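*Asks:* coords please:
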Amino acid sequence: MLNIAFGQSKYYVDNLSENTKRGLRQKVRNGEYPCLAPVGYLNDVRLKTIVVDKKKSVIIRKAFELYAQNNSRLDDIAEFLAQRGITYRNGVKYKRDRISFILSNPFYVGFFKFKGEIYEGKHQPVISKKIFDRVQEVLEERGRPHHNPKNSPKVFCGLLKCSCGMGITAEVKKGHTYYRCTKKSKITKCLEPYIREELLDKQLSDLIQKFSLKKNWAEKLLEMLEKDKADSAHNPFAFVQESKDKIESIKIKLQRLLDSYLEQDIEREVYLEKKNIFMHEKKSLEEKIQGLEQKRTGWVEPMENWIKEAANLPQVARESNLFAKKVATKEIFGSNLILAAREARATPHKHWRFLQIAAEKTA
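*Replies:* Residues are numbered from 1 along each chain as shown. Modelled structure (predicted):
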């Protein structure tokens, strides 16, 4: 009798386990995450769904945007979250691995992982696919092993080229940083002299100043831009239709991929890798379509950013932030900066050149 009772108990437990697993599989197929919601979301017990935490989701979005700028460490993001009340339950701020997990979690962009496989969720994304992809690039870049050079790289390295065509390097002598040609050419013997960092800084500041946008001009342009948002002449229909066709094509590929996996034509690792690629590609296209259909002004945001950037150049030129000057100079001139006879020379991009001409004519 005891053996029969044990047998019935085991049958009941096995049956319950199988039913639970079947329920979980069906749940994930429906796009419902079967686990605890990550920070920024809440588990709605009444509706048995996951909803956005209106307060914490805004903080998480700002943390992603901050890290995407590639100027913050994981510790900085942990401090940023802690200052806004997002910590472990005991009040201790998140560790680096926890921050890395949050920043690499596809849940925030509308996906979720379950048993190594990625699914498209029904929950509302809190960040854009573009920001998420940028954060993954930064994480990957910073995750690579870095070898400490004998001399730490200086800020203006990689910005200019020597007149002989070679790159520019830097070295520190008697407490000062000097930039000079790498002299790596086997054909030409370069005779260009060095230039001190302070002098190069002043030259770049003067160059940047020439392309600044006057405050009243910036205000007027931003005002005009607001009006253009309503009656933009850009028609995204062709792009939207093309993107929708691509999405349908991806859906077919996903189904074929699943069929191949079920028929055991491909390994599980290959299936998961390919599915992940297709799902992210599909999400990017859907996000672009949504943005264009909501406001047919895809050109407005870049234009607005350019106006604000040009208006901010005088402040960048005045301040001592060398990295900000490098970024602004790179934006204006690209890779056209040449160092010759201790003088930085360059040809700006067309839109910056037009701004310079307009400023000179009204001076």
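
*Asks:* in the stretch 151-300 of the chain, which spans are strands?
*Replies:* 161-162, 168-173, 176-181, 195-196 (DSSP state E, counting those that start in this stretch).

*Asks:* most tightly surrounded among these?
*Replies:* Compared across these, strand 161-162 shows the largest average neighbour count, a mean of 20 (mean count of other CB atoms under 10 Å). Using the backbone N, CA and C atoms, a C-beta is placed for each residue, glycine as well.

*Asks:* quick one on the thing from earlier: among the strands of the stretch 151-300 of the chain, which is nearest A218?
*Replies:* strand 161-162 (31.9 Å; CB to CB).

*Asks:* and the helices in the stretch 151-300 of the chain?
*Replies:* 197-209, 215-230, 237-262, 268-294, 300-318 (DSSP state H, counting those that start in this stretch).

*Asks:* put together TSV for the ones you listed, with distance to C164 and mean neighbour count on each row.
*Replies:* Formatted as TSV, those follow (distance: least, CB to CB, whole Å; neighbours: other CB atoms under 10 Å):
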stretch	distance to C164	mean neighbour count
helix 197-209	18	17
helix 215-230	39	12
helix 237-262	45	13
helix 268-294	43	16
helix 300-318	29	16
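
*Asks:* among those helices, which is nearest K326?
*Replies:* That would be helix 197-209 among these, by CB to CB, at 7.9 Å.

*Asks:* neighbouring contacts of stretch 53-64?
*Replies:* Stretch 53-64 has contacts (CB atoms under 8 Å, 6 or more residues apart in numbering) with 39-42, 77, 80-81, 84-86, 102-103, 108, 126-127, 131-132, 135.

*Asks:* so which of these belong to strands?
*Replies:* 41-42 (DSSP state E).

*Asks:* are any of the contacts of stretch 53-64 buried, and if so which?
*Replies:* Using 16 or more other CB atoms under 10 Å as the burial test, those include 39-42, 77, 80-81, 86, 102-103, 108, 126-127, 131-132, 135 as buried.

*Asks:* show me these that map onto helices.
*Replies:* Counting by DSSP state H, the part of the buried ones among the contacts of stretch 53-64 found in helices is 77, 80-81, 102-103, 131-132, 135.

*Asks:* export those residues as TSV, with columns for distance to Q69 and pLDDT.
*Replies:* What follows is these, written out as TSV (distance: CB to CB, whole Å; pLDDT from 0 to 100):
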residue	distance to Q69	pLDDT
I77	11	92
F80	12	91
L81	16	93
I102	17	94
L103	13	94
I131	10	91
F132	14	92
V135	10	93
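
*Asks:* what's the closest of those residues to N71?
*Replies:* I77 (11.1 Å).

*Asks:* surely that closest one meets Q69?
*Replies:* No - contact between I77 and Q69 fails when scored by CB atoms under 8 Å: they sit 11.2 Å apart.

*Asks:* F156 is in contact with Y178, isn't it?
*Replies:* No - with contact defined as CB under 8 Å, F156 does not reach Y178; the gap is 10.9 Å.

*Asks:* quick check: neighbours shared by those two?
*Replies:* 170, 197.

*Asks:* nearest spatial neighbour of E192, skipping sequence neighbours?
*Replies:* Closest residue to E192 apart from its sequence neighbours, by CB to CB, 6 or more residues apart in numbering: C181 at 5.1 Å.

*Asks:* next: L313.
*Replies:* Per CB to CB, 6+ apart, closest to L313 is S212, 3.9 Å.

*Asks:* counting neighbours, what do you get for that neighbour?
*Replies:* S212 has 22 neighbours, counted by other CB atoms under 10 Å.

*Asks:* could I get the buried residue list for the helix or strand encompassing I59?
*Replies:* Taking DSSP states H and E as the definition, I59 sits inside helix 56-68. Neighbour-count burial for helix 56-68 flags 56-57, 59-61, 63-64, 67-68 (criterion: 16+ other CB under 10 Å).

*Asks:* pLDDT weak spots in the stretch 151-300 of the chain?
*Replies:* Scanning the stretch 151-300 of the chain for pLDDT under 70 picks out the ranges 151-153, 229-239, 291-299.

*Asks:* name the nearest residue to the residue most central in space within the chain, ignoring sequence neighbours.
*Replies:* Centroid check for the chain by CA atoms, centre = their mean gives R134 as the closest residue, at 2.0 Å. Once flanking residues are discounted, R134 sits nearest to A68: 4.3 Å by CB to CB, 6+ apart.

*Asks:* so what's that neighbour up against?
*Replies:* 131, 134-135, 138.

*Asks:* tell me the pLDDT of it.
*Replies:* Confidence at A68, expressed as pLDDT, is 91.

*Asks:* now swap in R89 and tell me
*Replies:* pLDDT, R89: 89.

*Asks:* ok, the one 4 residues further on next?
*Replies:* We note a pLDDT of 92 for K93 in this prediction.

*Asks:* quick one: it is in a helix?
*Replies:* No - K93 is assigned coil when assessed by DSSP: H, G, I helix; E, B strand; the rest coil, not a helix.

*Asks:* quick one: it and F64, what's the gap?
*Replies:* Distance of K93 to F64, given as CB to CB, to the nearest Å: 17 Å.

*Asks:* ok, now P34?
*Replies:* In terms of CB to CB, P34 sits 25 Å off from F64.

*Asks:* equivalent analysis for P314, please.
*Replies:* Distance from P314 to F64, by CB to CB: 30 Å.
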